[in-house]
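*Asks:* Have a look at this prediction, sequence included:
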Amino acid sequence: MGVKEHVASAFIGISLRFERFFPQIIKFFMNKKLRGYKEKGWISNYKIQARRKGKYHYSFIVDLSLGINRGGEEHGRGEEGTSKDHY
């Protein structure tokens, strides 16, 4: 077994010992990404719940609030006689 294989197997073994923290780590990175979206104005609010259900089984609940800016767009009837906005 070479050095690369030995390092890789050691890294995998160590990382699996911290498996119970994976939901919190994933939640951290999701919060970071969604915070950027909120600062850009793409979403108005968000909430993330992460839970470990069992070994290698996780539950994530993401609650997003989307802000819709109205005004400026053309409202009217489509080709079939139905309204274009379907909010």
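*Replies:* Perfect, thanks for sending it. Residues are numbered from 1 along each chain as shown.
*Asks:* Quick check: buried residues in the longest helix along the chain?
*Replies:* Criterion DSSP state H: the longest helix present in the chain is helix 22-40. Residues 23, 27, 34, 38 are the ones in helix 22-40 that count as buried (16 or more other CB atoms under 10 Å). All C-beta spots, glycine's among them, are computed from the backbone N, C-alpha and C.
*Asks:* Arrange those residues in CSV, one row each, with pLDDT and distance to Tyr58 as further columns.
*Replies:* Converted to CSV, those look like this (pLDDT from 0 to 100; distance: CB to CB, whole Å):
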residue, pLDDT, distance to Tyr58
Pro23, 90, 5
Lys27, 93, 10
Leu34, 94, 18
Lys38, 92, 24
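*Asks:* Of those, just say which sits nearest to Arg51.
*Replies:* Among the buried residues of helix 22-40, Pro23 lies closest to Arg51 (CB to CB), at 6.3 Å.
*Asks:* The closest residue to that closest one other than its chain neighbours - how many residues pack around it?
*Replies:* Spatial nearest neighbour of Pro23, chain neighbours left out: Ala50 (3.8 Å); criterion: CB to CB, 6 or more residues apart in numbering. For Ala50, the count of nearby residues is 18 (other CB atoms under 10 Å).
*Asks:* Show me what Ala50 is bridged to.
*Replies:* The partner list for Ala50 in beta bridges (DSSP bridges) reads Phe60.
*Asks:* show me what contacts it?
*Replies:* 23-24, 26-27, 58-60 (CB atoms under 8 Å, 6 or more residues apart in numbering).
*Asks:* So what touches stretch 4-22?
*Replies:* Stretch 4-22 is touched from outside by 1, 52, 55-56, 58, with contacts defined as CB under 8 Å, 6+ apart.
*Asks:* Neighbours of the closest residue to Gln49 other than its chain neighbours, how many?
*Replies:* Among residues not flanking Gln49 along the chain, Ile61 sits closest, at 4.2 Å (CB to CB, 6+ apart). The number of residues packed near Ile61 is 9, by other CB under 10 Å.
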